[in-house]
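Visitor: Give me the fold of what follows.
(one chain, ligands or ions: 1)
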Amino acid sequence: MKVKIIKLDDFGRGIAYLNDKICFIENTLPNEEVEIKITRETKKFLEAEVINYLKKSPKRNEDICPYFSTCGGCNLFHLNFREENDYKKVKVKNLIEKFSNLKKDIVKEIYFHEEKNYRNKITLHGKNKKLGLYKKGSNEIVEITECLLVNEKINTIIKELNQANIDIQEAIIKTSNDEKFSILKITGEVNDISKLKKIVDVLIINDKLISQQDTIITQIGSKKYHESADSFFQVNQTLTKNLYDAVLNKTKEIKPQKVLDLYCGTGTIGIYVSDYCQEIVGIDYSKSNIADANKNKELNNVKNIKFICDKVENRITDFKDINVVIVDPPRAGLDSKTRKNLLRINSDTIIYISCDPVTLVRDINELSIDYEVESIVLYNMFPRTHHVENVCILNKK
Ligand SMILES: C[S@@+](CC[C@H](N)C(=O)[O-])C[C@H]1O[C@@H](n2cnc3c(N)ncnc32)[C@H](O)[C@@H]1O
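Guide: Predicted structure coming up:
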């Protein structure tokens, strides 16, 4: 069957129509003509894979990762990086047009950095001494010797693990942003730990700490942060500074008295802006995040920040006279109770950091009852995937 690709969907899949029925085809680009095989048919849509490329797009990137067609890690390696950035910007503009009453010109520029080797973290899965990433939508393991998204240090550790001949179920590898320090957390059967001990700074095997230290230190701008195996840390080792600088610049401009840092993770953003506000409260429900946040407060000698370990929705009503609220929720965005409570808090400014523009648009549309949306700036923190980070500034009307 021969089809022409019309456009990309929000997940980076090509869209074609077969007898007016929408068909999603991975690894295709607009205007390409391909021969396909249908792999799934439902009442509403079809899914297909390419058997043969009849006409390729000039925007196609031929320098593709060898695991691209099998591993579920990336879905935009086949598109030139420049075009990828444009695609993400257009995608957010389209979401605004489709799902909100806002104007799409609130979307400003997209910042980007390296297209490869930008990640400071990977989670590998293993079975019967095979180690790799899951095949898309399955638990089948695609064995890898390297990943083009992670930094060089992580790839060196992956090679060591492959040579170590151990039966690993899961391996989490993290490094500091300068790639000097590393963490390895393994679940599995490890008989000889001596070699692993030499290659990483923090070693945890089956939840037992083997190394002396349980955290590594990463520097972002003028601040230093403890990072542990289980706590949240932004994965893009260069662009995170630009993202945090956007929040810092707005804070410098406002010089607020009271700031709430909701979904604060290890307290990184609150601490980053702490020199320019009087008082900050950070909230996150993860115990390991808040343990690291308190260590980070000490490490940077910050006196005006306090952290609470609880769900945001349980504590958001405890505060008043807040000038700035920073929110950085997971992909699900803000729940409806939190959206309503944010309106009740009535701060002058909300800085909304989001890793999913779909939920961001839903949330800011509701907040726009009382807030003017100043801008959305995009940060391509996840090159070669369809994901994009957004910073949205909202000012009280
Ligand atoms: C995208 S991360 C933000 C981390 C942080 N701002 C940073 O830049 O490192 C989202 C955080 O929200 C936390 N979280 C998720 N749901 C939550 C909830 N309902 N209440 C409190 N924290 C939550 C997670 O533990 C995670 O640390």
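Visitor: drop to CA atoms for contacts and neighbour counts, all remaining ones
Guide: OK.
Visitor: Pull out the buried residues from the helix or strand containing K91.
Guide: K91 is part of helix 81-99 when elements are defined by DSSP states H and E. The neighbour-count check on helix 81-99 (16 or more other CA atoms under 10 Å) flags 81, 84-85, 87-89, 91-93, 95-96 as buried.
Visitor: Check which helices and strands it is in contact with.
Guide: Helices and strands touching helix 81-99, by 3 or more CA pairs under 8 Å, 6 or more residues apart in numbering; DSSP states H and E, are strand 107-111, helix 357-367.
Visitor: now the angle from it to strand 107-111?
Guide: Relative orientation of helix 81-99 versus strand 107-111 (axes from the mean of the first three to the mean of the last three CA atoms, to 10 degrees): 150 degrees.
Visitor: In three-state terms, how would L102 be classified?
Guide: Following DSSP: H, G, I helix; E, B strand; the rest coil, the label given to L102 is coil.
Visitor: Spit out the contact partners of it.
Guide: Applying CA atoms under 8 Å, 6 or more residues apart in numbering, we find L102 in contact with 96, 365.
Visitor: And the one 5 residues further on, by the same measure?
Guide: Contacts here follow CA under 8 Å, 6+ apart; on that basis V107 touches 89, 92-93, 375-378.
Visitor: Please name whichever of the helices and strands packed on helix 81-99 is nearest to the ligand.
Guide: With CA to the nearest ligand atom as the criterion, the ligand lies closest to helix 357-367 of the helices and strands packed on helix 81-99, at 12.5 Å.
Visitor: any idea how far that closest one is from the chain center?
Guide: How far helix 357-367 lies from its chain's middle: 18 Å, per CA atoms, centre = their mean, to the nearest Å.
Visitor: what packs against it?
Guide: helix 81-99, helix 336-345.
Visitor: tell me the angle the shortest one makes with helix 357-367.
Guide: Relative orientation of helix 336-345 with respect to helix 357-367: 40 degrees, computed using the same axes, to 10 degrees.
Visitor: what does the longest one give?
Guide: With the same axes, to 10 degrees as the criterion, the two stretches helix 81-99 and helix 357-367 enclose an angle of 40 degrees.
Visitor: who's in contact with helix 81-99?
Guide: 10, 59, 76, 102-105, 107, 109-110, 112, 115, 357-358, 361-362, 378, 380, 383-384, 386, 388.
Visitor: in the lowest-mean-pLDDT helix or strand in the chain, what's buried?
Guide: Sorting the helices and strands of the chain by mean pLDDT, DSSP states H and E puts helix 194-199 at the bottom, at a mean of 90. The neighbour-count check on helix 194-199 (16+ other CA under 10 Å) flags 196, 199 as buried.
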